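K.L.:
Give me a model of this one.
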Amino acid sequence: MKQNPPTMNADEKELDYPLGEHLPSPSALTEVAPGVFWLRMFLPFALDHINLWLLRDHYEGREGWAIVDCCLDQASAREQWQQIFETGLEGLPVLRVFVTHLHPDHLGLAHWLCDYWKVPLWISATDFHTAHTLIHPSNTQDREQAVLFMRSHGITDNAVLQAVSQRNFQFGHMVPALPSQFVRLYDGLSVRIGDHQWQCISGYGHAPEHIALYCLSMNVLISGDMVLPRISTNISVYHLEPLANPLHLFLDSLKKFDALPADCLCLPSHGKPFRGLHTRIGQLARHHGERLQELRQACAQKAMSAVEAMAVLFKRALDVHQTTFALGESLAHLHWLWYRGELERVPGDVVRFKPTEAALPH
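P.N.:
I've put the predicted structure just below:
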């Protein structure tokens with residue numbers, strides 16, 4: 001059954017969607033710029049799809065295609081890729097596979113695609129090596145550390161704790177292997193894909209070293225998960241880096257996109273292609289600013305754990321999977337205020353945050 005498109009929220013109405021409500025069918029590609037094609041694959045999560053990109057390429061003397069992002073390693077994605085190979089590539093081979101970052105919906109099938117076509121994987125070194133450590137099942141100590149981390153921030157629900165304990169094992173199920181070698185992408189690197197140069201723009205906070213790709217000659221940005229049109233990117237603190245300040249890293253990374261033309265065509269990993277990059281960045285900054293203000297006001301009433309902060313920031317019912325990310329995101333906002341000197345971190349069986357003396361009204 002065909003689903004009706006979700007109702008636009010107020011922020012979305014400020015953006016321009018040049019393709020309207022069009023979505024690619026599973027067996028077809030949609031050309032969004034000369035030689036740049038959009039395909040869309042199913043994800044078994046609340047966020048139920050990922051956008052992937054095929055670019056006409058010329059590499060080492062051969063004509064063919066470059067893939068940007070891969071989908072999870074799941075049977076339906078392999079089948080969809082096989083159909084694309086048979087009907088959508090004009091008889092030409094895939095020459096390269098690019099991955100914006102390590103999350104399973106982007107990296108999962110990279111090993112299979114690279115092996116299928118005998119081609120290199122292009123990815124940031126930080127994400128490649130981090131993924132390597134996550135693929136192998138975590139040891140008992142690491143699992144216990146993850147559970148203790150969640151308990152220390154107020155999680156008592158056994159279902160959530162069990163999900164956290166299994167999270168790294170789940171990564172290995174969705175990304176069962178990596179290519180044995182890679183080509184490094186890094187900030188400022190210019191990569192020629194087909195007839196066009198693409199500039200790498202690094203981003204932090206969502207992934208260890210996310211790489212977006214911008215083409216000046218076509219004014220097209222493959223933004224990955226750094227800039228999404230409908231939802232805000234998840235920014236979380238995790239047990240492996242328990243004192244991180246990822247929201248600062250993310251907001252600081254968004255400033256890199258200020259130099260791009262306001263009318264560039266953004267190709268996000270989730271949602272529809274859009275124009276209005278600067279508008280969307282402003283919306284994201286405002287969104288996080290509003291959440292931070294809510295936490296300032298809540299913490300002024302009482303010292304808060306991350307679980308209590310989660311109730312302030314997320315006013316809808318959350319399933320187990322969503323709860324793990326919501327807690328990480330709540331902690332990211334608390335840490336932003338802590339590193340700014342507005343909150344004091346109070347250790348204990350459950351860590352709490354309260355206003356510093358300087359931040360209290362006098």
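
K.L.:
by contact count, what packs against the helix or strand harbouring Thr133?
P.N.:
Using DSSP states H and E, Thr133 sits in helix 125-135. If contacts are counted by 3 or more Cβ pairs under 8 Å, 6 or more residues apart in numbering; DSSP states H and E, helix 125-135 sits against helix 158-174, strand 182-185. (Each C-beta comes from the backbone N, C-alpha and C, glycine too.)

K.L.:
What's the first helix or strand after it?
P.N.:
Using DSSP H and E, the next helix or strand after helix 125-135 towards the C-terminus is helix 140-152.

K.L.:
Any chance you could list what contacts that next one?
P.N.:
Applying Cβ atoms under 8 Å, 6 or more residues apart in numbering, the external contacts of helix 140-152 come out as 138, 160-161, 164-165, 167-168, 238-239, 242, 324, 327, 349-351.

K.L.:
again, only using 6 Å
P.N.:
Contact with helix 140-152 is made by 161, 164-165, 239, 242, 351, as judged by Cβ atoms under 6 Å, 6 or more residues apart in numbering.

K.L.:
follow-up on the earlier one: I'd like to check the angle between the helix holding Thr133 and helix 140-152, please.
P.N.:
Interaxial angle of helix 125-135 relative to helix 140-152 (axes from the mean of the first three to the mean of the last three Cα atoms, to 10 degrees): 100 degrees.

K.L.:
buried sites along helix 125-135?
P.N.:
Using 16 or more other Cβ atoms under 10 Å as the test for burial, helix 125-135 gives 126-128, 130-131, 134-135.

K.L.:
Stretch 310-322 too?
P.N.:
310, 312-314, 318, 322.

K.L.:
ok, the strand ranked longest in the chain: who's next to it in the sheet?
P.N.:
Across the chain, the longest stretch assigned as strand under DSSP state E is strand 49-59. Strand 49-59 pairs in its sheet with strand 36-42 (antiparallel), strand 62-68 (antiparallel), by DSSP bridges.

K.L.:
Tabulate these (TSV), appending mean pLDDT and mean neighbour count.
P.N.:
What follows is the strands paired with strand 49-59, written out as TSV (pLDDT from 0 to 100; neighbours: other Cβ atoms under 10 Å):
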stretch	mean pLDDT	mean neighbour count
strand 36-42	97	21
strand 62-68	98	21
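
K.L.:
and of the ones you listed, who's closest to Arg280?
P.N.:
Checking the strands paired with strand 49-59 against Arg280 by Cβ to Cβ gives strand 36-42 as the closest, at 18.2 Å.

K.L.:
Contacts for the closest one, please.
P.N.:
24, 29-32, 49-52, 54-55, 71, 76-77, 80.

K.L.:
can you pull the pLDDT of the closest residue to Tyr204 other than its chain neighbours?
P.N.:
Once flanking residues are discounted, Tyr204 sits nearest to Leu249: 3.8 Å by Cβ to Cβ, 6 or more residues apart in numbering. As predicted, Leu249 sits at a pLDDT of 98.

K.L.:
For Thr233, see how far away the residue positioned nearest the centre of the chain is.
P.N.:
When Cα atoms, centre = their mean is applied to the chain, the residue found nearest the centroid is Asp225 (3.8 Å). Asp225 is 5 Å from Thr233, where distance means Cβ to Cβ, to the nearest Å.

K.L.:
Equivalent analysis for Ile123, please.
P.N.:
Taking Cβ to Cβ, one finds Ile123 at 18 Å from Thr233.

K.L.:
higher neighbour count, the two?
P.N.:
Neighbours were counted for Ile123 and for Thr233 using other Cβ atoms under 10 Å; Ile123 has more, 27 against 22.

K.L.:
Excluding residues flanking it in the chain, which one is nearest the more buried one?
P.N.:
Leaving aside its chain neighbours, Ile123 sits nearest to Val99 (4.5 Å; criterion: Cβ to Cβ, 6+ apart).

K.L.:
Over to Leu113?
P.N.:
Spatially, and ignoring its direct neighbours in sequence, Leu113 is nearest to Val97 (5.1 Å; Cβ to Cβ, 6+ apart).
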